[in-house]
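>>> here's a sequence, model it:
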Amino acid sequence: MPEAEKIAFVFPHQDDEMFIFHRVRHLLKRGKRLSMIWISDGAANSAEVRTSPTIRLLFPILAHESDETIRLVRKAESVSLMRAIGVGDGNLHFLGYPSGQIMHHFHPIVESLRRLFVELAPDEIYTVAYDQSEFEHDACNAAVKSASRGLRQDVTLFEFPVFNNYRGILRFHWLVPWREVRTERTPFTAEEEGERLRLFRSVFKSQRSVAWLERLGSLLPSDYRKLGEPYRRMPEHDYARPTHGARVMYVPRRLRFDHFRRLVSGYV
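As a prediction, the model looks like this:
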């Protein structure tokens, strides 16, 4: 089987690329052609988001700046990161759907991704994992799965974690176990992880609280540090049911799994 040369990454929000950073760098060093796709505009887009205590603590820009300012800032941050690691502007695709309202735009998102996949003709596609941790992460995973239908049979889908609530315990950089699907790892050195954390702090100024949490987490022993950054072939998810062992803890909390089930019904 020929080695993949063209690879697409699909992110629900700006900064999610930091959670598959070492894989991206590894592929760039091997001369692969990468296309980076962000589904949402990264803005607040609702009073509920702006008044959330968690948002005000961790993402103050979402509480205090206008949506137009947030869109510009967050897009500029992702562009700056891509330039820093060597991905050209022509390989960056911002779909611009309103963050926090993806559930109202699922059909056009799937169609936008389908058109991009046909145009880009990737051999591999990476996106965030389906694990009931964040509503728009799950929607992104399902949209990629749906949009990939009809592509060449040899296109491989992968997923990577941000966080999940497996068996009631919050876990970062950790994939919910899935029978018959092996977790792959991209090893990294202490210096390479230090560079990731430095770029997180310096480039994503609107996400500094998250960057500092990442820095604190890096001080703890973990499989992430010992074995490498995890990803895996996307399992055959049953989007009508929560992932085994994962407890639904959607952000925002008003959303339930029934909302997700209805959203993707008829697509995947």
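
>>> mind giving me the packing neighbours of the helix or strand where residue 34 lies?
Assigning secondary structure by DSSP states H and E places residue 34 in strand 33-40. On a contact count with 3 or more C-beta pairs under 8 Å, 6 or more residues apart in numbering; DSSP states H and E, strand 33-40 meets strand 6-11, helix 21-29, helix 67-85, strand 92-97, helix 106-120, helix 135-147. From N, CA and C alone the C-beta is placed, and that goes for glycine too.

>>> so which of these gets nearest residue 216?
Residue 216 sits nearest to helix 21-29 of all these, at 17.4 Å, using C-beta to C-beta.

>>> any weak-confidence spans in the protein?
Residue ranges of the chain with pLDDT under 70: 1.

>>> tell me which residues touch residue 225, please.
Shown in contact with residue 225 (C-beta atoms under 8 Å, 6 or more residues apart in numbering): 193, 218.

>>> returning to that earlier point: what are the buried residues along the next helix or strand after the strand holding residue 34?
Note on strand 33-40: by DSSP H and E, the next helix or strand toward the C-terminus is helix 47-51. Of all the residues in helix 47-51, those buried under the rule 16 or more other C-beta atoms under 10 Å are residue 49.

>>> with just CA atoms, put helix 47-51 into PDB.
In PDB, the C-alpha atoms belonging to helix 47-51 read as follows (Å, rounded to 0.1, in the frame of the first residue of the first chain):
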ATOM      1  CA  ALA A  47     -24.800  35.400  26.100                       C
ATOM      2  CA  GLU A  48     -24.600  32.000  27.700                       C
ATOM      3  CA  VAL A  49     -21.000  31.600  26.800                       C
ATOM      4  CA  ARG A  50     -20.100  35.100  27.800                       C
ATOM      5  CA  THR A  51     -21.600  34.700  31.300                       C
END
